[in-house]
Structures are given as structure tokens and as C-alpha cells.
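Peer 1: Sequence and computational prediction follow.
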Amino acid sequence: MLFLLATSEYNNVQLNTTKVRVHLRNGIAEIFNQHQDLMGKVENNLVEIETNFENKIERFSFILQDAVFIVSNQGLEGTLDYKGTGVYVYAKKVREVNSNLSIDEINKQYDQKKIQLDAELEKVDETSENKALNSKILLLKEDLEFLRRSLIIIKELKA
């Protein structure tokens with residue numbers, strides 16, 4: 001089974017995937033070879049994959065921000081010439097969960113974004129209609145939510 005995870009800054013392709021478990025907005029789906037076509041949205045949540053490499057099972061976990069999740073047995077136009085079940089994930093941001101991932105580092109990033117958001121909110125008074133500032137505030141809020149959700153997921157996984 002093919003697994004493709006893509007963002008504007010990150011790409012991960014696995015050709016030997018045996019199972020994908022995704023936490024969709026409306027539930028959890030486990031995808032195996034020859035799964036029916038499926039599409040869903042992942043909002044600041046987890047995707048776990050298992051691969052079989054040289055008869056050794058490896059597991060990978062990714063936290064995704066605003067992702068589209070597609071399962072297809074027909075392949076997608078413009079992707080690899082792969083015949084069979086393909087799992088395609090396109091996300092705004094991705095964070096790989098591994099042993100090097102530090103809760104302290106994510107906390108530090110969260111605190112920095114919170115300071116930036118507070119500073120932006122101070123610039124905007126209640127009568128202001130400045131759309132540039134408002135879009136910046138929205139992006140900072142999305143980043144804060146992604147970091148907050150990442151902390152929750154990582155703490156659950158390490159517990």
C-alpha cells in the first residue's frame with residue numbers, strides 16, 4: 001500500500017505500508033490494502049502508519065494541522081505510477097512524533113506564539129477593520145491551537 005504525506009515544506013512517501021490509522025473529524029479509520037475509497041478531514045490530530053521493511057514492522061506517527069485524507073484504489077492523477085491502494089494526505093503542517101520530540105520545545109514555541117498573538121491583539125482596537133491584522137491574528141490562533149493539540153497528543157502517547 002502506498003502512503004503519501006505532503007505539505008508545502010514536507011514530503012513522506014512509503015511504498016510498503018501495511019496499515020494506516022487516522023483520527024478523522026468524524027471518527028477513527030483503519031486502512032488496510034484494498035480498503036474502499038474514502039475521503040475525510042483531519043483537524044489537528046494524529047495519523048499512524050505501519051510499514052513492513054525487510055520483515056521488520058516499523059511504526060510512524062504524525063500530528064497534522066488541517067489535512068485532507070484520501071484513500072483510493074485507482075491512484076490519483078499526478079502521483080506516482082502506483083497501482084493498488086493509495087493513502088494520500090495533504091496537510092497545512094505536520095509534526096512527526098518520535099523520541100527526539102521535546103515537550104519543552106513545543107511549550108517554548110507555544111509561549112512565543114502566545115506572546116505574538118497578544119501583541120497583535122493589542123494593536124487592534126475594537127473599531128478597527130484592518131483585515132491584514134485580522135488575518136495575522138487568525139493564523140496565530142491556528143498555530144496556537146495546533147501546538148496546544150500537539151502537546152495533548154504527545155503527553156497522551158508518552159503516558
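Peer 2: Cool, the structure landed. Fair warning: this is a prediction, and the values are worked out from it, not measured in the lab.
Peer 1: May I see the buried residues of stretch 86-102?
Peer 2: Along stretch 86-102, these residues count as buried under the neighbour rule (16 or more other CB atoms under 10 Å): 86, 87, 88, 89, 90, 91, 93, 94, 95, 97, 101. Every C-beta, even on glycine, is put in place using the N, C-alpha and C of the backbone.
Peer 1: Residue 140 touches residue 116, doesn't it?
Peer 2: Yes: counting by CB atoms under 8 Å, residue 116 is a contact partner of residue 140 at 5.7 Å.
Peer 1: ok, those two, which is more surrounded?
Peer 2: residue 140 (19 against 16; other CB atoms under 10 Å).
Peer 1: Relative to residue 112, how far out is that one?
Peer 2: Applying CB to CB, to the nearest Å, the value for residue 140 to residue 112 is 10 Å.
Peer 1: Repeat that for residue 145.
Peer 2: 15 Å.
Peer 1: Please say which of these two ends up with more neighbours.
Peer 2: Comparing residue 145 with residue 112 by other CB under 10 Å, the one with more neighbours is residue 145, at 15 against 12.
Peer 1: which non-adjacent residue is nearest the more buried one?
Peer 2: Spatial nearest neighbour of residue 145, excluding adjacent residues (CB to CB, 6 or more residues apart in numbering): residue 44 at 6.1 Å.
Peer 1: count of neighbours near the one you found?
Peer 2: So residue 44, with other CB under 10 Å, has 22 neighbours.
Peer 1: in terms of contact, does residue 59 touch residue 48 like I think?
Peer 2: Yes: counting by CB under 8 Å, residue 48 is a contact partner of residue 59 at 6.6 Å.
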